[in-house]
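J.: Let's see this in three dimensions:
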Amino acid sequence: MASDDNKALYSKASKYYVENHNSDDFKYDKSKEREEKHNKSWEKQKVNLNEIIDKFAPVFEAKEHGSKMIFYGEKYNVIADMASGYLRIYDKYLREHVKLDGTPGNDKSTHFKIMKREEM
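T.: Below you'll find the predicted structure:
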């Protein structure tokens, strides 16, 4: 069920994951490689995690799955990467990632950097 501050829930899980991942954690390493390669592009599309969840998955079940925290909504899943601080929105009916307007997009247009608390 939705919380007033999903950013706090995500931040706590993300901090724990980053501080406690195994040194041989393939998912963590791949995430950090993607961040190094794409972060400049992601930084151009910063989003407030609370607003994204309110819009796309207002009633959800949140679960950690590997390096991701997934907010499972009715039509959309908001998939937040805990190692690199980005998210994607997955439309379960279209079976693809979408842009902020809910329309399908390419890989570049469907990655969004999660704002830090002070940017919200």
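J.: ok, now which ones touch the residue lying closest to Lys92 once chain neighbours are set aside?
T.: Of all residues not flanking Lys92 in the chain, Lys75 sits nearest, at 6.0 Å (CB to CB, 6 or more residues apart in numbering). Every residue, glycine included, has its C-beta placed from N, CA and C. Taking CB atoms under 8 Å, 6 or more residues apart in numbering, we find Lys75 in contact with Phe56, Asp91, Lys92, Tyr93.
J.: Pick out the residue nearest the middle of this structure.
T.: Ala80 (1.8 Å; CA atoms, centre = their mean).
J.: Return the residues in contact with that one.
T.: Here Ala80 is in contact with Tyr10, Ser14, Leu49, Lys68, Met69, Ile70, Phe71, Tyr86, Leu87, Ile114 (criterion: CB under 8 Å, 6+ apart).
J.: From these, list just the buried residues.
T.: If you count burial by 16 or more other CB atoms under 10 Å, the buried members of the contacts of Ala80 come out as Tyr10, Ser14, Leu49, Lys68, Met69, Ile70, Phe71, Tyr86, Leu87, Ile114.
J.: Return the distance of the helix or strand where the first one lies from the chain's centre.
T.: Element membership of Tyr10, judged by DSSP states H and E, is helix 6-20. Helix 6-20 has its average C-alpha position 12 Å from the chain's average C-alpha position, going by CA atoms, centre = their mean, to the nearest Å.
J.: Likewise for stretch 106-120?
T.: 8 Å.
J.: Buried residues, it. List them.
T.: For stretch 106-120, by 16+ other CB under 10 Å, it's Thr110, His111, Phe112, Lys113, Ile114, Met115.
J.: got a list of contacts for it?
T.: Contacts for stretch 106-120 (CB under 8 Å, 6+ apart): 7, 10-11, 38-39, 41-43, 45-50, 52, 80, 85-89, 97-100.
J.: The same query, at a cut-off of 7 Å, please.
T.: 7, 38, 41-43, 45-49, 80, 85-88, 97-99 (CB atoms under 7 Å, 6 or more residues apart in numbering).
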